[in-house]
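>>> Okay, structure incoming, though there's no sequence with it:
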């Protein structure tokens with residue numbers, strides 16, 4: 001994949017703080033959990049902090065295939081890939097911040113706090129730069145011309 005496509009997906013994700021991580025339960029149901037994005041690498045890896053005892057961690061350990069959805073001002077990204085639980089105290093300390101501290105107990109020293117690493121296989125994105133103004137103008141244009149609105153979109157194989 002060209003670096004430009006990978007960079008586009010990475011930059012879109014970096015602008016969105018909260019993602020929805022979808023995992024598969026024991027009975028095959030899909031369950032989504034809001035997660036705070038800690039880091040996005042150019043290789044398609046996304047990092048989250050979670051509690052070892054949480055249902056999403058149990059789901060990932062049993063069935064590692066996940067989807068991560070990001071939605072921002074006129075931007076949507078969907079990553080499909082494989083998640084893993086990572087015990088790395090140094091990296092956990094590096095990612096820990098005030099935002100994380102507000103949601104999780106005990107800081108990075110708490111053995112129940114761990115990292116989730118999602119390695120994306122594919123990414124789909126839709127982007128409308130200048131979201132509100134662009135969408136309004138595109139809506140008017142679509143009404144006048146009868147043509148369908150087409151946001152910038154793409155599918156990227158990581």
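Nice, I can see it. None of the values given here were measured: they were computed from a predicted structure. Numbering: from 1, shown residues only.

>>> C-alpha only now, for contacts and for neighbours.
Will do.

>>> buried set for stretch 34-52?
Across stretch 34-52, burial judged by 16 or more other C-alpha atoms under 10 Å covers 35-38, 40, 44-52.

>>> between those, which is closest to residue 4?
Within the buried residues of stretch 34-52, proximity to residue 4 (C-alpha to C-alpha) peaks at residue 44, which comes in at 12.8 Å.

>>> Residue 100 and residue 114, how far apart?
12 Å (C-alpha to C-alpha, to the nearest Å).

>>> about what we covered before: out of the buried residues of stretch 34-52, which one sits closest to residue 89?
Nearest to residue 89 among the buried residues of stretch 34-52: residue 49, at 11.4 Å, using C-alpha to C-alpha.

>>> doesn't the closest one fall inside a strand?
Yes: with DSSP: H, G, I helix; E, B strand; the rest coil as the criterion, residue 49 is located in a strand.

>>> Quick check: bridge partners of it?
residue 115 (DSSP bridges).

>>> Let me see the contact set for it.
Contacts for residue 49 (C-alpha atoms under 8 Å, 6 or more residues apart in numbering) come out as 35, 36, 38, 92, 100, 113, 114, 115, 116.

>>> Next, give me the two most distant ones among these.
Farthest apart among the contacts of residue 49 by C-alpha to C-alpha are 35 and 92. That separation is 14.9 Å.

>>> The protein: helices as residue ranges?
In order along the chain, the chain carries the following helices (DSSP state H): 3-14, 55-62, 89-95, 98-103, 131-145.
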